[in-house]
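S.K.: pasting the sequence and the predicted coordinates here, then a few questions.
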Amino acid sequence: MNNINILPQWFIIIYVILIGLCCGSFLNVVILRGLSGENFIFSRSKCPKCNHQLTWYMNIPLLSYIFLKGKCAFCKEHISIQYPLVELSCAILFYATYAVFGLTLKTLFLWIILALFLAIAATDILKTVIIDTHAYILTVAGILFNTLNLGYTTAINSIIGAIAGFLTMEILAHLGTIFLKHRAFGEGDSLIALGLGAIFGFKILLIILPLSILIQAITSLPILACEEFKNKNLKLFLSYIFVFLSLFIVVFINTCPNFNPKIYILVVIPVCILLLYALKNILDDLKHKKNILEKNENQKESVFKLLPFGPSLIISAILTIFYLDKIKEIILNFIY
Ligand SMILES: [Zn+2]
């Protein structure tokens, strides 16, 4: 630790951001090859559109996307905005973790956990799929995190939390079948709850789950509104949500006396990026499905099936990592 303290602060910050960007770049590969089932360690990266192998300077996080103006150098097809978004989110979250928890073993574990969060949210946003392996690695990381006394609970409670988290989501999902005639949540969401239970223990999971349902409700509103009003009043609804979110943030800041606005902004930016990215994908998906469904009926059911719950769980968990005390405070203020 002493050796690190000799280094100037700016050097460490740049180093942390670079690690975040590189991890984000690696995550993009993990996400896409996880979805396509390819082996990601032994094959070189290539353009997903034209399969042309990429040279090293086309693989620089963030910069390559900017210099190539978002287009493949060979086929000139658009490169998915997913690449720079994941890289940027990862860098910002890594920096926020370092700023709050310093250069510690806890930070290293949180980096691994946050990277897995991003991968899980991204696969869910892209294909409404959760890769089992990502969730299992998250669970093992969570148990190890608490076994080393770096986390939120004891090792035993971590294991209990994982099982209880999984079972709670399964029960909720099956209860959903009574009202929606299909599972309220996908099997993947139970796997995320398994991982979150291992990281936070069951007590904190009982805060994360309702918070994620609130986040899900906020994200779903424009989609449901869009369905109800056939796009006409979407703008109006979006502005309502914007006002609601702004009020929510103002209340949030005011209820927290020892609040760090810098870190708040750093955490909220990637969370908003994830939200907006999810929203864009869902709306695109909805348009696409609507075209197909215009021929055959049964629209209502599909609207609910379109909303992945994973990103809301992940966003809720990210907020909990940085704001557990504040969230507890707000809940207590709300109750009393
Ligand atoms: Zn290409």
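M.R.: Okay, I see it.

S.K.: quick one, strands of the stretch 101-250 of the chain?
M.R.: With DSSP state E, counting those that start in this stretch, there are no strands along the stretch 101-250 of the chain.

S.K.: in terms of helices and strands, where is residue 263?
M.R.: Using DSSP states H and E, residue 263 sits in helix 261-293.

S.K.: list the residues that contact the spatially closest residue to residue 154 that is not a sequence neighbour.
M.R.: Excluding its sequence neighbours, the residue lying closest to residue 154 (Cβ to Cβ, 6 or more residues apart in numbering) is residue 146, at 6.5 Å. Any C-beta I mention is one placed from the backbone N, CA and C, and that applies to glycine too. The contact partners of residue 146, by Cβ atoms under 8 Å, 6 or more residues apart in numbering, come to 152, 153, 154, 155, 157, 158, 198, 199, 201.

S.K.: measure the closest residue to the first one other than its chain neighbours to residue 182 for me?
M.R.: What it means is residue 152. Once flanking residues are discounted, residue 152 sits nearest to residue 200: 5.1 Å by Cβ to Cβ, 6+ apart. Relative to residue 182, residue 200 is positioned 28 Å away (Cβ to Cβ, to the nearest Å).

S.K.: those two: which is more packed in?
M.R.: residue 200 (28 against 12; other Cβ atoms under 10 Å).

S.K.: which residues touch that one?
M.R.: Applying Cβ under 8 Å, 6+ apart, we find residue 200 in contact with 142, 151, 152, 153, 161, 208, 317, 320.

S.K.: quick one on the thing from earlier: show me what the helix holding residue 263 packs onto, helices and strands only.
M.R.: Counting contacts by 3 or more Cβ pairs under 8 Å, 6 or more residues apart in numbering; DSSP states H and E, helix 261-293 packs against helix 82-101, helix 105-127, helix 187-228, helix 234-254, helix 299-305, helix 310-335.

S.K.: mind checking which of those helices is nearest the ion?
M.R.: Closest to the ion of these is helix 82-101 (Cβ to the ion; 12.9 Å).

S.K.: which secondary structure element contains the spatially closest residue to residue 57 that is not a sequence neighbour?
M.R.: Using Cβ to Cβ, 6+ apart and skipping the chain neighbours, the partner closest in space to residue 57 is residue 64 (6.9 Å). Under the criterion of DSSP H and E, residue 64 resides in helix 63-67.

S.K.: how about residue 76, secondary structure?
M.R.: Look at residue 76: counting by DSSP: H, G, I helix; E, B strand; the rest coil, its state is coil.

S.K.: state the distance from it to the ion.
M.R.: Noted for residue 76: a distance of 7 Å to the ion, by Cβ to the ion, to the nearest Å.

S.K.: so that residue versus residue 284, what's the distance?
M.R.: Distance, residue 76 to residue 284, by Cβ to Cβ: 22 Å.

S.K.: so which bits of the chain are right by the ion?
M.R.: 47, 49, 50, 72, 74, 75 (Cβ under 5 Å from the ion).

S.K.: isn't the last one right next to residue 51, touching?
M.R.: No. Distance between residue 75 and residue 51: 9.1 Å, which falls outside the contact criterion (Cβ atoms under 8 Å).

S.K.: neighbours of the residue nearest to residue 57, just the number please.
M.R.: 21.

S.K.: out of the residues of the chain next to the ion, which are buried?
M.R.: 47, 72 (16 or more other Cβ atoms under 10 Å).

S.K.: out of the residues of the chain next to the ion, which comes closest to residue 221?
M.R.: Comparing those against residue 221 with Cβ to Cβ picks out residue 49 as the nearest, at 34.1 Å.

S.K.: what is the burial count for the closest residue to the closest one other than its chain neighbours?
M.R.: Leaving out its chain neighbours, the residue that sits closest to residue 49 by Cβ to Cβ, 6+ apart is residue 77, at 4.2 Å. Neighbour count of residue 77, defined by other Cβ under 10 Å: 13.

S.K.: so for residue 77, what pLDDT did the model give?
M.R.: Looking at residue 77, its pLDDT is 88.

S.K.: correct me, but it touches residue 68?
M.R.: No. The pair residue 77 / residue 68 is not scored as a contact, 11.0 Å apart, by Cβ under 8 Å.

S.K.: who wins for proximity to residue 12 among the helices and strands packed on helix 261-293?
M.R.: Closest among the helices and strands packed on helix 261-293, using Cβ to Cβ: helix 82-101, at 7.6 Å.

S.K.: the closest one - contacts with which helices or strands?
M.R.: Helices and strands touching helix 82-101, as assessed by 3+ Cβ pairs under 8 Å, 6+ apart, comprise helix 9-36, helix 63-67, helix 105-127, helix 261-293, helix 310-335.

S.K.: lowest average pLDDT across the ones you listed?
M.R.: helix 261-293 - the lowest mean pLDDT of the helices and strands packed on helix 82-101, at a mean of 72.

S.K.: and the angle for that one with helix 187-228?
M.R.: Going by axes from the mean of the first three to the mean of the last three Cα atoms, to 10 degrees, helix 261-293 is angled at 70 degrees with respect to helix 187-228.

S.K.: centre of the chain versus helix 261-293, how much separation?
M.R.: Helix 261-293 has its C-alpha centroid displaced from the chain centroid by 10 Å (Cα atoms, centre = their mean, to the nearest Å).

S.K.: quick one, what contacts residue 215?
M.R.: 275, 312, 315, 316.
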